[in-house]
Every structure is written in C-alpha cells, then in structure tokens.
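Undergrad: Quick one, fold the following:
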Amino acid sequence: MFGDINRVTLMGNITKDPDLRFTPGGAAVLNFSIATNRNYKQGEEWKEEVAFHNIVCWRNAESLAKRIKKGTRIYVEGRLQTRSWDGEDGKKQYKTEVVSDNVILIARYEGEGQGGGNYSTSEANEGEVPAPKKQANKKTEETMIEPDDLPF
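TA: Coordinates of the predicted model:
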C-alpha cells in the first residue's frame, strides 16, 4: 500500500575529470564524483565537513561528458544504489553510488565561452543533444574563477 522512497538531491563541484566508458552492448555510462560541504558550529568555532559522492549517469552520458570537467558546479537528482563484488583477496567489496535521473550544470566550462548556464539530462530524448540554456554573464573575465585553480 505504501511505497518506499529512494531519492537523492546534491549540489557540489566535480572533483576530477569524468570517466566516459561504454558497456559491451555499446551503451555510454559516465562516472564522476562531486564534493559537497557542510558547515557547523562546534563550541565557538565554525567547522567545515566535506563529503564525496560517486555519480553514475546513463542518460545522455556522451553529451554531458563534453560539457563538464573538474571544478564544474553541478546539481544532481537520482537514487542511491549499492553494488557488491568479490575482491581479488576474496573479500566482499561494496560501493554506493548515486544513479542520476537529472543533471543540471550550474556553471559549465566549454572552451572559450565560459559563461554560466545549465544543461539537464532530462530535457532531451534518447540520443538527442539539447542546446545548453544561455544565461547572462554579469561577471567580468577578471573575476572569473578558473576550474584548474580549485583545490579539488
């Protein structure tokens, strides 16, 4: 009668360049990780805690791979999935990932046009590449942060 809920919403920065691979059947899959920060107060001092999340993207993986790289700010919606396998030492290994349903670029880095914008994996039909939405960029080039300058 009652359904279960497995829903994840994250916004953070990509920690390293994404890994685009293909299954033996030819389906593209994109793997990357993002970092999220949480600030909290301990006594009189503010602390920051960083968490890292593994993301798996099946829908429009190839077109998304062309639009993101380390440092891209990204919003991800999806579900948690835990995989298991037997390691080389015979012990059971586990990995928990977010399987994305929707990915939106908060800022993207595509060549010379490094303005902000967004791109959603849910906006396109399978095999179709949607045009990125253009947004007015109010920052000057002098105030732009380069992704390679980020510490993660």
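
Undergrad: So, low pLDDT: which residues of this protein?
TA: 1, 108-152 (pLDDT under 70).

Undergrad: In PDB, list the C-alpha atoms belonging to the helix or strand where residue 103 lies.
TA: Residue 103 is located in strand 92-105, with elements delineated by DSSP states H and E. Extracted in PDB, the C-alpha atoms of strand 92-105 (Å, rounded to 0.1, in the frame of the first residue of the first chain):
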ATOM      1  CA  LYS A  92      33.200  -8.800  -0.500                       C
ATOM      2  CA  GLN A  93      33.600  -5.200  -1.700                       C
ATOM      3  CA  TYR A  94      30.800  -2.500  -1.700                       C
ATOM      4  CA  LYS A  95      30.300   0.800  -3.500                       C
ATOM      5  CA  THR A  96      27.400   3.100  -3.000                       C
ATOM      6  CA  GLU A  97      26.600   5.500  -5.900                       C
ATOM      7  CA  VAL A  98      24.000   8.000  -7.000                       C
ATOM      8  CA  VAL A  99      22.400   6.900 -10.200                       C
ATOM      9  CA  SER A 100      21.400  10.200 -11.800                       C
ATOM     10  CA  ASP A 101      18.000  10.900 -13.200                       C
ATOM     11  CA  ASN A 102      18.600  14.600 -13.800                       C
ATOM     12  CA  VAL A 103      21.800  16.600 -14.000                       C
ATOM     13  CA  ILE A 104      21.900  20.400 -14.300                       C
ATOM     14  CA  LEU A 105      25.000  22.400 -14.800                       C
END
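
Undergrad: need the strands for this protein, in chain order.
TA: Ranges of strands in the chain, per DSSP state E, are 8-14, 19-22, 28-42, 45-57, 73-86, 92-105, 117-118, 133-134.

Undergrad: Which elements pack onto the longest one?
TA: In other words, strand 28-42. Judged by 3 or more C-beta pairs under 8 Å, 6 or more residues apart in numbering; DSSP states H and E, the packing partners of strand 28-42 are strand 8-14, strand 19-22, strand 45-57, helix 61-65. Quick note: C-beta positions are derived from backbone N, CA and C, even for glycine.

Undergrad: Run the angle between it and strand 8-14 for me.
TA: In terms of direction (axes from the mean of the first three to the mean of the last three C-alpha atoms, to 10 degrees), strand 28-42 departs from strand 8-14 by 90 degrees.
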